[in-house]
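[1] heads up, no residue letters with this:
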């Protein structure tokens, strides 16, 4: 896993799934309503960062899942104590 701390992974996943897409839509709509400059460019930048972050998180998740499959399962409790 690229991210050793699951809290970091969870925060980045929340940002990629919720915050950045919502920010892109908000910027696009408010920019059009209020006539802000560079609306399309800023929205495209937010989407590009989100796509990159999503790809990195997916790679990290795939590596973690592969690593979990390679590890032997834990022994049942009765075998540990016995």
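    All right, it came through fine. The model shown is predicted, which means the values in this text are computed figures rather than measured ones.
[2] Residue 43: what's it in contact with?
    By C-beta atoms under 8 Å, 6 or more residues apart in numbering, residue 43 lies in contact with 24, 27-28, 31. For glycine as for every other residue, the C-beta is placed from the backbone atoms N, C-alpha and C.
[3] again, only this time at 6 Å
    24, 27-28 (C-beta atoms under 6 Å, 6 or more residues apart in numbering).
[4] so can I have CSV of the residues you listed showing secondary structure and neighbour count?
    Formatted as CSV, the contacts of residue 43 follow (DSSP: H, G, I helix; E, B strand; the rest coil; neighbours: other C-beta atoms under 10 Å):
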residue, secondary structure, neighbour count
24, helix, 19
27, helix, 18
28, helix, 18
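[5] These into TSV, with extra columns for pLDDT?
    Output for these, formatted as TSV (pLDDT from 0 to 100):
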residue	pLDDT
24	98
27	98
28	98
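[6] so what's the residue positioned nearest the centre of the chain closest to, chain neighbours aside?
    By C-alpha atoms, centre = their mean, the chain has its centre lying nearest to residue 13, at 2.8 Å. Leaving aside its sequence neighbours, residue 13 sits nearest to residue 57 (C-beta to C-beta, 6 or more residues apart in numbering; 5.7 Å).
[7] And that neighbour, which helix or strand is it part of?
    Secondary structure assignment for residue 57, by DSSP states H and E: helix 39-70.
[8] That helix: which residues count as buried?
    Buried residues in helix 39-70, counted by 16 or more other C-beta atoms under 10 Å: 39, 42-43, 46-47, 50, 53-54, 57, 60.
[9] where are the low-confidence patches of the protein?
    1, 3, 73-82 (pLDDT under 70).
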